[in-house]
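Engineer: Generate a structure from the sequence data that follows.
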Amino acid sequence: MRRPTTRKRADQGFTLLVALGVVAVVTMAVLLSYRVVSREADTQSDVRRQKEAFFAAEAGLAEGREALRLRRGLGDSTYTATLAALSGAAAADVGLAGANPPWLEVLPGTGAGGWNYLSLTPGAMPASEKAAADNDPYVEYPLQNNVRYRVFVRDDNDDALGNAQDSNNQVWVIAIGEVVNPKGRPTRAVIQALVTNQSAATANGPGCASRGCGPDNTFNNTQDTESPDTTVVRTIP
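Structural biologist: Presented below is the predicted three-dimensional model:
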C-alpha cells in the first residue's frame, strides 16, 4: 500500500476548498433570492391592503353621507340640529382627538373601538354569490374580518360658532378605512369630502340632455317650448 504523496494531499485539500466555496456561493444566492421574493411578497401585500383600506373608506363615506341625510330630515335647512344631536360623540382617538371644532362620530360601530366591520356572512349569502359564473362553488374566499371603517363629521367653520351653528348647509365628512394586520401595524386610508345637502330635484344626463335637447343631441324636440333666437346667426367660414 502506497501512502499519498504530499502533492496528492495538497490537490485533495484544494478540491475541498473549491467545493466549500461553491456551496457558500450557492447558499448566498439562495438566501438573496429568498430575501428578494419575500420583499416582493410584502410589497404586494401592502398594495392590496392599501386598496382594501381605501375601498373601506369609500364605503364608509357613502354610508355616512346617507346617514347624515336621514338625520337631517326634510324640514331642516341646515345641519345645526344634526350636529347638536351628535355633540356627545366627539372623536377621542384615530388621530382626530383635540380638533377644534371637534370631529363627531356619525356611525358608531359595535366592534372594538367603535369600528364598523365589512365582514362577509356566508351563512346569509345566496348560493349565486358563493360560486363562479359556471355555478362552480368557491372552495375558499376571504371573509374580510380585518377590514373596518369609521365616519366623522364637523362644521366647515362658516361662522364663528364652530359646530354649534351651521349657516351654509355644508359640513366636512371624513371616513377612515383600516385593514388590521396581525403581523404588524394596520394599513389606513383617510377620505375627506365637503358635503352639501340639497332638497331640490336635479336631473343630469350625458351630452346636452340636461339642457333640454333630444336623444339625437339636438334641440329639435318638444321640450323646448320657446321659439328659436335668430337675432345672432353664426356661420362656419
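Engineer: Select the longest helix from the protein.
Structural biologist: Longest helix in the chain, counting residues (DSSP state H): helix 6-72.
Engineer: For it, name the packing helices and strands.
Structural biologist: helix 80-85, strand 147-155, strand 170-179, strand 187-196 (3 or more C-beta pairs under 8 Å, 6 or more residues apart in numbering; DSSP states H and E). For glycine as for every other residue, the C-beta is placed from the backbone atoms N, C-alpha and C.
Engineer: could you redo the last one with a cut-off of 6 Å?
Structural biologist: When contacts are defined as 3 or more C-beta pairs under 6 Å, 6 or more residues apart in numbering; DSSP states H and E, helix 6-72 packs onto strand 147-155, strand 170-179, strand 187-196.
Engineer: mean confidence for that helix?
Structural biologist: Averaging pLDDT along helix 6-72 gives 80.
Engineer: What's the separation between residue 165 and residue 80?
Structural biologist: Per C-beta to C-beta, to the nearest Å, residue 165 is found 6 Å from residue 80.
Engineer: Of these two, give the one with the bigger neighbour count.
Structural biologist: The neighbour count for residue 165 versus residue 80, taken as other C-beta atoms under 10 Å, is higher for residue 80 (18 against 15).
Engineer: Roughly how far does the more buried one sit from residue 166?
Structural biologist: Separation of residue 80 from residue 166 (C-beta to C-beta): 5 Å.
Engineer: Could you do residue 103 as well?
Structural biologist: 15 Å.
Engineer: For the residue positioned nearest the centre of the chain, which non-adjacent residue is closest in space?
Structural biologist: What sits nearest the mean C-alpha location of the chain, by C-alpha atoms, centre = their mean, is residue 54, with 1.5 Å. Computed as C-beta to C-beta, 6 or more residues apart in numbering, the closest residue to residue 54 that is not its neighbour in sequence is residue 189, at 4.3 Å.
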